[in-house]
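Participant: Quick check, what structure comes out for this input:
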Amino acid sequence: MILSEYGRAGMRLADWHAGYMRLYGVTARGDKAWTEEEVAALRDHYPDYERLCAALPWRTKKAIGHKLAKCGLVRPRRVWRDSQWSTAKPLYRRGDSVREVIAPATDKVPKQVWSKASAMGVRRPRRPPKDTPWPLVNNVRRQAFRLRLTMADLDELAGTGSYFRRPQRLDYDAIRKAVAMMGGRLVVRWHDG
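Facilitator: Sure, this is the predicted structure:
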């Protein structure tokens, strides 16, 4: 690798900073440099922050947390990168399972996907209602889904209590009310022969 003059100057400056810290025990900004004993105390007392703060009273809690992260003692935060979210967003919006959504981003957990989607206002598609043992009830529920009604909305508008949310039996009166409310009509056909 060929370095420019600026690259070589930057490396010289980094070497100078390291030598300065070794010589004076402080950073160029004047902050006290971390010693091996302090790092050993971090390793000994982590994750008990009270003991860490007592062992290192001259260090702030934020400085202790930062040094723990630099030493690799704390699990890194799982922050979404733009590339990860741009890959996950269409999968989530399409309705794929959360396990499939996080497959490309292996450092994520399902809760993070739901939180990120909620924060970004991304919604999954509505799922059609599950089938019941009664085809007539299934047809009414599917029509309500096509009209973008929830089963709770359908029950409220048709005045059927909670029948369409949790049908336990075939209730022709509830079906008649729902069909009329959605602008349909019931037809009886007789099979002759």
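Participant: which regions of this protein lie under the pLDDT threshold?
Facilitator: The chain contains residues with pLDDT under 70 at 1, 3, 76, 105-106, 193.
Participant: go with 80
Facilitator: 1-35, 47-49, 73-81, 102-108, 192-193 (pLDDT under 80).
Participant: CA atoms only: put the top helix by length along it into PDB for me.
Facilitator: In the chain, assigned by DSSP state H, the helix with the most residues is helix 5-24. Provided in PDB are the C-alpha atoms of helix 5-24 (Å, rounded to 0.1, in the frame of the first residue of the first chain):
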ATOM      1  CA  GLU A   5       2.300  12.400   2.400                       C
ATOM      2  CA  TYR A   6      -0.800  13.100   4.500                       C
ATOM      3  CA  GLY A   7      -1.200   9.400   5.300                       C
ATOM      4  CA  ARG A   8       2.400   9.200   6.500                       C
ATOM      5  CA  ALA A   9       1.900  12.400   8.500                       C
ATOM      6  CA  GLY A  10      -1.100  10.900  10.100                       C
ATOM      7  CA  MET A  11       0.800   7.700  11.100                       C
ATOM      8  CA  ARG A  12       3.600   9.800  12.500                       C
ATOM      9  CA  LEU A  13       1.000  11.800  14.500                       C
ATOM     10  CA  ALA A  14      -0.600   8.600  15.900                       C
ATOM     11  CA  ASP A  15       2.900   7.400  16.900                       C
ATOM     12  CA  TRP A  16       3.600  10.700  18.600                       C
ATOM     13  CA  HIS A  17       0.300  10.500  20.500                       C
ATOM     14  CA  ALA A  18       1.100   7.000  21.700                       C
ATOM     15  CA  GLY A  19       4.600   8.100  22.800                       C
ATOM     16  CA  TYR A  20       3.200  11.100  24.600                       C
ATOM     17  CA  MET A  21       0.600   9.000  26.500                       C
ATOM     18  CA  ARG A  22       3.300   6.500  27.500                       C
ATOM     19  CA  LEU A  23       5.700   9.300  28.600                       C
ATOM     20  CA  TYR A  24       3.300  11.600  30.500                       C
END
